[in-house]
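J.: need coordinates for the following:
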Amino acid sequence: MNSLTKCSAIALLALSASLALGQSAGTADQPGQALTGEISVVVPKSSAPVKDASRVVEWLVPLAKLQPAQFPKTRPVYKMVQRDKMFQPNFLVVPVGSIVDFPNLDPWFHNVFSLYRGKKFDLGLYEAGSNRQVRFDRPGPSFIFCNIHPEMTAVVLTVDSQYFGVSDKTGHLTISNVPEGSYLLKVWYEDATADTLQALTRQFVVGSDTRSLPAISIAMTKQNLMKHKNKYGHDYDPNATSPVY
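T.: A predicted model of the protein is given here:
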């Protein structure tokens, strides 16, 4: 086999491998649909609508065995800043495996931790201007607190898909670039029970003419995470507001 023939054979093999890879990965790298959804949050007994329907999350998990959830090779590093004794933002949605930075931009110490479901971690005490990172490799909500300042609360929701959207106050959301195929539609809302969210899970098919998601109505059951203990399971130090902290 001469050199020209060898080069042609190698090129053909490379093309075949590329096509095979494209088939096994589904259509995750191809442009997909932008799907819109409408969420209503209601009071359980009266079914009266709640004015603020924000922070409801919907995501689509591919069902086909040959089309698992595909994630970009280069993922963004998410950030939850500690500033003015608050987490900013105090709500993040990230795909499984994402890294979240927790920089301390306050002029005092913080100790970020999560021991309630989701990803469990304790970043320890760290000073102003320093940073810690956490890889969120477990699906589900992680409730984030500071071991010094009880008023600091946040949520990181880790989802097993790159196709997700978060509702605004009017209940509107968009999931971008969704390829055609069969999916499991999942919903999460902080102020809803696990049974309510499980009942909203359903199969959903995205076709060439699909432009919207099923309308979702969620009964709100207020969760009071502000009344939490510190990382040792004790009440907070009443002197936590001292300038030294």
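
J.: how about the helices in this protein?
T.: Secondary structure of the chain (DSSP state H): helices at 3-24, 194-200.

J.: alpha carbons of the last one, in PDB - could you do that?
T.: As requested, C-alpha coordinates have been extracted for helix 194-200 and formatted as PDB (Å, rounded to 0.1, in the frame of the first residue of the first chain):
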ATOM      1  CA  ALA A 194     -41.300  15.400  47.700                       C
ATOM      2  CA  ASP A 195     -44.600  13.700  46.900                       C
ATOM      3  CA  THR A 196     -45.800  16.700  45.000                       C
ATOM      4  CA  LEU A 197     -42.700  16.900  42.900                       C
ATOM      5  CA  GLN A 198     -42.600  13.200  42.200                       C
ATOM      6  CA  ALA A 199     -46.200  13.400  41.000                       C
ATOM      7  CA  LEU A 200     -45.100  16.000  38.400                       C
END
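
J.: other residues contacting it?
T.: 185-189, 216, 218-219, 221 (C-beta atoms under 8 Å, 6 or more residues apart in numbering). C-betas here are computed from N, CA, C, even on glycine.

J.: just give me the lowest mean pLDDT stretch among the helices of the chain.
T.: For the helices of the chain, mean pLDDT drops lowest on helix 3-24, to a mean of 37.

J.: pretty sure residue 204 sits against residue 185.
T.: Yes - between residue 204 and residue 185 there is a contact under C-beta atoms under 8 Å: 4.3 Å.

J.: mutual contacts of those two, please.
T.: By C-beta under 8 Å, 6+ apart, the residues touching both residue 204 and residue 185 are 60, 213-214.

J.: in a markdown table: the residues you listed, plus neighbour count and pLDDT.
T.: Below are these laid out as a markdown table (neighbours: other C-beta atoms under 10 Å; pLDDT from 0 to 100):
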| residue | neighbour count | pLDDT |
| --- | --- | --- |
| 60 | 25 | 97 |
| 213 | 22 | 98 |
| 214 | 12 | 97 |
